[in-house]
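In: Need coordinates for the following:
(one chain, ligands or ions: 1)
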Amino acid sequence: MPQQPWADVPDARRAVMRANKAKNTKPEIVVRRMLHAMGYRFRLHRRDLPGTPDIVFPGRRKAIQVHGCFWHQHEGCRRATLPATRREFWVPKLARNKQRDADAEARLRALGWKVINVWECELQDLGRLEAKLQSFLAVANDEL
Ligand SMILES: [Zn+2]
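Out: Numbers count the residues shown, from 1 in each chain. Just a heads-up that it's a prediction; the model follows:
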């Protein structure tokens, strides 16, 4: 019986990966709730912008990508550790994801947008995350 590459991946991580392929992931919802509580209004998943940014502030020309640490290979993050097996599958697949993210960000910046990533692991410290969001959003686009 042919084995799925997924078979090597622990259940918890598999769930994280599934979640990050979808829109409206749990980390996204947490970030959106926080932004609302901070008084910000925004658009979601603007498909007319490079990379379909998760959270968009059209008037400010700012965008936030909410990334799963494994799926988007958060550098230096323990959640981004590759599975020990089937590296020939994971290495190019995850490298493509990372390249796609970088390309989308470069194209957004070329259009005059400012972009930050919020990583799944940053939800461990909501106070710090709020400060990060505030310092990104409270400053004018051309001062960032
Ligand atoms: Zn991380």
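In: how much space is there between the residue lying closest to residue 79 once chain neighbours are set aside and the ion?
Out: For residue 79, ignoring the flanking residues on the chain, the nearest one in space by CB to CB, 6 or more residues apart in numbering is residue 69 at 3.6 Å. C-betas here are computed from N, CA, C, even on glycine. Separation of residue 69 from the ion (CB to the ion, to the nearest Å) stands at 3 Å.
In: Residue 69: neighbour count?
Out: 21 (other CB atoms under 10 Å).
In: how about the residues of this structure that lie near the ion?
Out: Residues of the chain lying close to the ion (CB under 5 Å from the ion) are 69, 74, 77, 79, 119, 121.
In: Buried residues of the top helix by length along the chain, list them for me.
Out: Counting by DSSP state H, the longest helix found in the chain is helix 87-110. Under the neighbour-count criterion of 16 or more other CB atoms under 10 Å, helix 87-110 has 90, 94, 97, 98, 101, 104, 105, 108 buried.
In: which residues of this structure fall in helices?
Out: Under DSSP H, the chain gives helices at 11-21, 26-37, 87-110, 126-137.
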